[in-house]
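Participant: structure for the following, please:
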Amino acid sequence: MKIWLRLHGFELCSWTVVWDYLGAAFADIGVELYTYTPPDDPTDCIELWWGDPQYWHWSDLQFKARVSLALSEAHSIFARGRDKTIANLNNSDLIICPSEAATTAFREAPIDVPIRVSPFGVDPVEFPYIERDWTDTLTFLHAGVTQFRKGSWLVPEAFINAFRPDDNVRLVMVSPRTTPMYTRLVNEYGSQPNIEFRSGRSDSMLQTYEESHIYVSPHLSEGFGLCPLEAMSTGMACLMARCSAPTEYFRKDRGWWIEMSEDYSPVSKCLPDTNGFWRLPDLESLIAVMGRAYMNRQECELRGQVASAYAHNEMSWELTARTIIKHIKEMLYEKSLGGNVGIQRREVVTGPSGKYIPAC
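Facilitator: This is a model prediction of the structure:
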């Protein structure tokens, strides 16, 4: 199969990270891959766009099919780009999302294109299982862009309520850039002796995971969530909010759930001009599971081993690429039958194990 893998911008961010991993995985399984320029003969090639659909520009060339790889972290499409997003997705033959949670906004929009799910993955070579020292200071890690959607403000607040200053524990807050919330948290918690803040891109996230024991993700919403899966791959148990995409690849034998509260907040606090509400993780639940992890280090290690085995065996980028190819081949077959089968089968998706599961 031939694929022209397209992206709307190449500044280093999660869009480009996924684009790089996916391109490498396609090449590894024998896909004839084109990136910056299309093939000389596009009629036997798939044009596949990844990223934010409002910024896509489909080629005027005649391709075999057009495929959208997209996600949404809210149940509504970003208002200012709504018309362009819907038009671009409707101009494709197939939409693929990395989680069932990420499909909701598209399924409830005026988009008449079949939707499938192919979970993203992790590179087990880049993020191998790490043997950690569990007798020394226990380190909790919160990584990713420090922001409202990630629930970042809950982490230091829970930490100072869960532990005393003389407890053998610390918290590391890592953000690839200095956001307003990052600055506010540094001002509020930067003097705490057991809390360390780091801003700026690291040459190796593996070292950050290697220095830590427990990953903390009190997110309000995730389209997928790369950092938790990478942490799991290295053998870190997770404290995971029981909501959105991570519920599709996380179980309690890989850490502990952070339960959700009965409080809600507007999505627009993080995604401007986007309607809807996100449910907030429960602070008391996060405090409790932090304390439980601290008191049960051997259990943390065992759950981290289970998490690593799962990530390595069932969540590789190779599996992502093969699942995408499978969905494309099914779409091409359905098109050959007249194009109606895809709409009839829109409710069929593929879960992390590769098995078909009914959509919500």
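
Participant: what's the mean pLDDT across the host helix or strand of Gln207?
Facilitator: When secondary structure is defined by DSSP states H and E, Gln207 falls within helix 205-210. What helix 205-210 shows for mean pLDDT is 95.

Participant: try stretch 329-340
Facilitator: Per-region confidence: stretch 329-340 scores 85 on mean pLDDT.

Participant: just checking the distance from that stretch to the centre of its chain.
Facilitator: Its chain's C-alpha centre and that of stretch 329-340 lie 29 Å apart, by Cα atoms, centre = their mean, to the nearest Å.

Participant: pull out the buried residues from that stretch.
Facilitator: Within stretch 329-340, the residues scored as buried using 16 or more other Cβ atoms under 10 Å are 330-331, 334-335. The way it works is simple: take the backbone N, C-alpha and C, and place the C-beta from them, glycine included.

Participant: with stretch 312-328 instead?
Facilitator: Burial within stretch 312-328, assessed by neighbour count using 16+ other Cβ under 10 Å, is assigned to 312, 315-317, 319-325, 327-328.

Participant: which residue ranges form the strands in the stretch 251-360 of the chain?
Facilitator: Using DSSP state E, counting those that start in this stretch, the strands of the stretch 251-360 of the chain run over residues 255-258, 260-266, 277-281, 348-350, 356-358.

Participant: Tyr182: neighbour count?
Facilitator: As a burial measure, the neighbour count of Tyr182 was computed by other Cβ atoms under 10 Å and equals 21.

Participant: tell me the contacts of it?
Facilitator: With contact taken as Cβ atoms under 8 Å, 6 or more residues apart in numbering, Tyr182 is in contact with 146, 152, 173, 175, 197, 199.

Participant: what comes into contact with the helix or strand hosting Glu230?
Facilitator: Taking DSSP H and E as the definition, Glu230 sits inside helix 226-233. For helix 226-233, contacts defined as Cβ under 8 Å, 6+ apart pick out 14, 17-18, 120-122, 124, 127-129, 141, 143-144, 205, 209, 212, 215, 217, 238, 240, 246, 249-250, 254, 304, 307-308, 310-312, 315.

Participant: ok, then the element right after it?
Facilitator: strand 237-241.

Participant: and that following strand, what does it pack against?
Facilitator: Packed against strand 237-241, as judged by 3 or more Cβ pairs under 8 Å, 6 or more residues apart in numbering; DSSP states H and E, are the following elements: strand 214-217, helix 226-233, strand 255-258, helix 283-295, helix 297-314.

Participant: tabulate the ones you listed (TSV), appending distance to Leu89 and mean pLDDT.
Facilitator: Conversion of the helices and strands packed on strand 237-241 to TSV gives the following (distance: least, Cβ to Cβ, whole Å; pLDDT from 0 to 100):
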stretch	distance to Leu89	mean pLDDT
strand 214-217	28	98
helix 226-233	23	98
strand 255-258	32	98
helix 283-295	36	98
helix 297-314	28	98
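
Participant: adding distance to Trp134, write those out as JSON lines.
Facilitator: Compiled in JSON lines, these are given as follows (distance: least, Cβ to Cβ, whole Å):
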{"stretch": "strand 214-217", "distance to Trp134": "11"}
{"stretch": "helix 226-233", "distance to Trp134": "16"}
{"stretch": "strand 255-258", "distance to Trp134": "15"}
{"stretch": "helix 283-295", "distance to Trp134": "11"}
{"stretch": "helix 297-314", "distance to Trp134": "5"}
